[in-house]
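>>> here is my input; please provide its structure:
(one chain, ligands or ions: 1)
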Amino acid sequence: MAAKNSESAYGWVAIVFHWLMAPVVIGLFALGWWMRQLSYYDPWYRQGPEIHKAIGILLLIALLVRLAWKFLNVSPAAVPGTPRWQTVAARFAHGGIYLLLLAIMTSGYLISTADGRAISVFDLFSVPATLQGLPNQEDIAGEIHEILAWTLMGLVALHALAAMKHHFIDRDATLLRMLGKPGNPDGSRDSKHQPTENLSTSK
Ligand code: HEM
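So this is what the prediction gives:
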């Protein structure tokens, strides 16, 4: 499989980025939600946020590389037969996911560095505070971070449902091409669409 995308297929780099980042995004949301309910005396009270922040920074780096790769590549057109409104909706949804991720990471950075402390990434390197001491910075950035994270999860749920609809109802190649199987040029995905005489000759 090619590394780069084509007009009709995702290359392996985009596919690896997609499937590595998707569980990390959902995992970070789950960790963030869980760690907010911990009491001060819980051993995870400090450790949870440290891990959440460190993975968040690694995810930001991955996102920037992914976006650079995306803009250096063509983006595959929608699978043939996809109605125009769905193509436009998908474009907005994908753009919205990228923008929400960037905004969530920016607000997370502003929460963590509000008091001037750097973010340590598993003691490998640290990201210094830059914008600090804005009025109510930690609280306001925290509210924004939480609202945007829930919005992202809603959008991702819709996105996954749309992928399922393509796969199980429309039975087209949209989901499979994100798994490295681009399907047929007409957008169909399986041998059911081959002429029946091909199947009967095997007898
Ligand atoms: C946190 C989870 C997820 C995130 C952040 C995410 C994000 C994205 C983004 C940004 C794109 C556009 C790629 C591009 O730049 O062209 C995309 C494409 C895609 N995603 Fe996801 N995704 C997630 C989960 C899922 C899940 C769970 C599924 C399937 C059940 C899925 C199926 C797809 C498919 C099929 C495409 C290609 C759509 C097309 O060809 O138009 N994604 N995803």
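
>>> I'd like to know how far the residue nearest the centre of the chain sits from residue 15.
Nearest to the centroid of the C-alpha atoms of the chain, with distances taken as CA atoms, centre = their mean, sits residue 22, at 4.7 Å. For residue 22, the distance to residue 15 (CB to CB, to the nearest Å) stands at 11 Å. For glycine as for every other residue, the C-beta is placed from the backbone atoms N, C-alpha and C.

>>> hang on, the earlier thing: before we move on, what SS does the residue nearest to the centre of the chain have?
On the three-state scheme (DSSP: H, G, I helix; E, B strand; the rest coil), residue 22 is labelled helix.

>>> do residue 126 as well
On the three-state scheme (three-state DSSP), residue 126 is labelled strand.

>>> now do the contacts for it.
The contact partners of residue 126, by CB atoms under 8 Å, 6 or more residues apart in numbering, come to 118, 119, 120.

>>> neighbour-wise, give me the winner out of those.
For the contacts of residue 126, neighbours were counted using other CB atoms under 10 Å, and residue 119 has the most, 18 neighbours in all.

>>> pLDDT wise, what is it at?
At residue 119 the predicted local distance difference test score is 98.

>>> for residue 195, same thing?
We note a pLDDT of 46 for residue 195 in this prediction.

>>> how about the one 3 residues further on?
Here the pLDDT value assigned to residue 198 is 47.

>>> cool, residue 189 as well?
Confidence per residue is given as pLDDT, and for residue 189 that number is 82.

>>> so it makes contact with residue 168?
No. With contact taken as CB atoms under 8 Å, residue 189 and residue 168 are classed as non-touching, separated by 11.6 Å.

>>> report how many residues lie close to the nearest residue in space to residue 159 that is not next to it in sequence.
Nearest residue to residue 159 in three dimensions, chain neighbours excluded: residue 93, at 5.4 Å (CB to CB, 6 or more residues apart in numbering). For residue 93, the number of neighbouring residues by other CB under 10 Å comes to 15.

>>> fine by me, thanks again.
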